[in-house]
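[1] Predicted structure and sequence below. I'll ask about it afterward.
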Amino acid sequence: MSTTEATKVTQDYRNVPIAQLKESSTNPRKTFDEKGLQELAESIRSKGVLLPLLVRPVNGHYEIVTGERRYRASKLAGRSSVPATVRELTDEECLEIQLIENLLRMDLHPFEEAQGFRALLDREGGGYTIEKLAAKTGKNASFIAKRLCLLNLIPSVAEVFAAGRIGVEHALLIAKLAPEVQEDALRHCFDGYYAADDKERSLVPASRLLAWIEQNVYLSLKSVPFSKDDETLVPEAGSCANCPKRTGFNRLLFSEVREDSDSCTNAACFNRKLDAHIAQRVARMPNLVQISNNYRSTDERPSLPRRDYVEVVARRNQKSKDTPPERKLCNHLKPAIHTDGIEKGRLAKVCANPECKIHFGNRQKEEEQQIRWKAERLAANRKAKQTVTLRHRILAEVLKRAKPPFGTDELRLVAQHLVSSLSHDLACRLAKRHGFEPSKKGQEWELAEKARSLSKTVNGPALASLVWEAMLLTLAASTSEIKDDLLSNAAKLYSVDVKALRRQTEKAEKNRPLKLKTAKAKQEKEQPKVK
């Protein structure tokens, strides 16, 4: 078919050879489900193409206006031609039909929908506006404005959105933000930060993402220190009143934000204006003190750190003893401006004189108290070191004079040390081994005292036995296996048959009945008997 013949056709229905069909570059649909195409191809093999394509003649071939999915499935089905309606259409008419036809289909991705709207708006001579598009497509203006906003997504976020990992509500909330914070907002779309793979993380509700954005990204313009109508503060940014990044500027786009809330979504621009405002204030008021909320000074700005000033919000004649220092006036007050934090750009009155008794009196007392505490700790440490040194000197002198063999007095000191090192339970066991019993029930603490008195009363061989017994008691309290430890070595020293004792212990434990009380038996025991 020649170009001349094609252009004569106003509208016609015919079977068009597939070889003469070309895909349209303006079709909003860019993605096609392969599985769906295969299913459609099977249907075409058995029943044919039930709905004709819409094509237009262009340069000797036919450009597909609508029906590209049927065209692709027909190729898979092996057909040589497809039914089509041939119509003369301009570029604007073609794009409009493509957009409207695709809008009627539920599976068109919102990002492709947005690209179609943008293509219509960008057509030279088309004369399209959001309102005209709304009238043509039957969609409201807010819907179209929000779809167009999706095109503001940075590539990495757009890729996640196109893959279906976030919904259109999440994507729209992110698209309204400045590019530099979109990646951070995307991370807060998901739970499960410790998942092995990003795809395993679960998507959070859009309301939760909005809450994070309102708390961490949106910056309130309600009480900013600069004029929102000033176009000269940051000339390249213009005024806040005419800024599309302001939530109150475009209610079609920011319909989820409360009407009484006016916020900035561009933190970089917001901070540039605050910095410019501070610079203007400092230039006009050379005596203006720049103050910081940080407790340590930084190199970014010559500001007083928080510890070096007291912000004063006071009225006169506030001299009550209970009035805090920051509500009292003094003769050292100076005008100041906050250079960081949520108060950035706000003017204040501060006292920065460390000699001021009103505002730094308590701080002076605290510093004096800290000096006293440090001195006391230093003195205590010195005394402790002195005591340790004295003890080691005594040790050295004792060892010089102590010559073996050692007598009863030396052995008694060893016994006193060992017995006093025993736990309460072991000390009671030692006392019972020597025939002591508490005078009254519940007076077991007496046994520990009796055990400690043994080291002072026994003499001769009994003293040596006490030392030996106290050492073995400590070894016997261990729950580790008896194998090559000091207790087993003591048994070998006295030819004790450990294996025989083990068998006796196991047999006695085996014959002991288990006293397991069921919950029912316990309950019956606790219930009072009915007479």
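    Alright, I've got the coordinates.
[2] How about the secondary structure of the closest residue to Val458 other than its chain neighbours?
    Leaving aside its chain neighbours, Val458 sits nearest to Leu466 (5.6 Å; criterion: CB to CB, 6 or more residues apart in numbering). Heads up, the C-betas are built off the backbone N, CA and C, glycines and all. Of the three states, Leu466 takes helix under DSSP: H, G, I helix; E, B strand; the rest coil.
[3] Please name the residues that touch Leu466.
    Taking CB atoms under 8 Å, 6 or more residues apart in numbering, we find Leu466 in contact with 415, 419, 454-455, 458.
[4] if we go to 6 Å?
    Contact analysis of Leu466 by CB atoms under 6 Å, 6 or more residues apart in numbering lists 415, 454, 458.
[5] With adjacent residues omitted, what lies nearest to the second one?
    Once flanking residues are discounted, Leu454 sits nearest to Leu466: 5.9 Å by CB to CB, 6+ apart.
[6] ok, the one you found to Arg281 distance?
    Distance, Leu466 to Arg281, by CB to CB, to the nearest Å: 85 Å.
[7] What of Ala477?
    76 Å.
[8] Between these two, tell me which one has more neighbours.
    The residue with more neighbours, out of Ala477 and Arg281, is Arg281; 17 against 13, by other CB atoms under 10 Å.
[9] Can you tell me the closest non-neighbouring residue to the more buried one?
    Ile337 (5.6 Å).
[10] hey, where'd the helices end up in the stretch 1-150 of the chain?
    In the stretch 1-150 of the chain, the helices defined using DSSP state H, counting those that start in this stretch lie at 3-8, 34-47, 68-77, 91-103, 110-121, 130-137, 141-149.
[11] per-residue pLDDT, Glu469?
    Listed pLDDT for Glu469 reads 89.
[12] who are the neighbours in contact with it?
    For Glu469, counting by CB under 6 Å, 6+ apart, there are no contacting residues.
[13] For whichever strand or helix holds it, buried residues please.
    Here Glu469 sits within helix 461-476, counting by DSSP states H and E. Buried residues in helix 461-476, counted by 16 or more other CB atoms under 10 Å: 463, 466-467, 469-470, 473.
[14] got a markdown table for those residues, with distance to Cys351 too?
    Below are the buried residues of helix 461-476 laid out as a markdown table (distance: CB to CB, whole Å):
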| residue | distance to Cys351 |
| --- | --- |
| Leu463 | 75 |
| Leu466 | 72 |
| Val467 | 71 |
| Glu469 | 73 |
| Ala470 | 68 |
| Leu473 | 69 |
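[15] Show me where the stretch 101-250 of the chain dips below the pLDDT cut-off.
    102-107, 124-126, 192-200 (pLDDT under 70).
[16] at 80 instead, please
    Counting by pLDDT under 80, the low-confidence segments of the stretch 101-250 of the chain come to 101-108, 116, 119-120, 122-128, 136-138, 192-201, 214-216, 247-250.
[17] Which parts of it are strands?
    Taking DSSP state E, counting those that start in this stretch as the test, the strands found in the stretch 101-250 of the chain are 219-220.
[18] Contact partners for Phe190?
    Counting by CB under 6 Å, 6+ apart, Phe190 touches Arg201.
[19] and it, how far is that from Pro110?
    Computed as CB to CB, the Phe190 to Pro110 distance reads 20 Å.
[20] Next one: Val530, what pLDDT does it get?
    So Val530 comes in at 47 (pLDDT).
[21] hang on, I meant Ala283
    So, for Ala283, pLDDT stands at 91.
[22] would you say it is within a strand?
    No - counting by three-state DSSP, Ala283 falls outside a strand, being helix.
[23] so how far is Arg346 from it?
    Noted for Ala283: a distance of 17 Å to Arg346, by CB to CB.
[24] Same check on Ala135?
    Noted for Ala135: a distance of 48 Å to Arg346, by CB to CB.
[25] Looking at these two, which has the bigger crowd around it?
    Taking other CB under 10 Å, Ala135 and Arg346 do not tie; Arg346 has more neighbours (14 against 11).
[26] In contact with the more buried one, which residues?
    Arg346 sits next to 225, 338 when contact means CB under 6 Å, 6+ apart.
[27] quick one: pLDDT of it?
    Listed pLDDT for Arg346 reads 90.
[28] what's the distance between the lengthiest helix in the chain and the middle of its chain?
    Of all the elements of type helix in the chain, the one with the most residues (DSSP state H) is helix 361-401. The chain centre lies 45 Å from the centre of helix 361-401; the measure is CA atoms, centre = their mean, to the nearest Å.
[29] What's the first helix or strand after that helix?
    Sequence order places helix 408-421 as the next helix or strand after helix 361-401, per DSSP H and E.
[30] Report all helices and strands that the very next helix or strand once past that following helix contacts.
    Remark: after helix 408-421, the chain's next helix or strand is helix 424-433, criterion DSSP H and E. Applying 3 or more CB pairs under 6 Å, 6 or more residues apart in numbering; DSSP states H and E, we find helix 424-433 packed against helix 445-457.
[31] Which residue is most remote from the mean position of this structure?
    The outermost residue of the chain relative to its centre, with distances by CA atoms, centre = their mean, is Gly460 at 71.6 Å.
[32] If you drop the residues flanking it in sequence, what lies closest to that one?
    Thr408 (7.3 Å).
[33] Then Glu343?
    Sequence neighbours aside, Asn293 is the residue nearest to Glu343 in space, at 7.1 Å (criterion: CB to CB, 6+ apart).
[34] The one you found - how many residues pack around it?
    14.
[35] Phi and psi next, for it.
    When read as degrees, to the nearest 10, the backbone of Asn293 gives phi -80, psi -10.
[36] Quick one: residues contacting it.
    306, 340-341.
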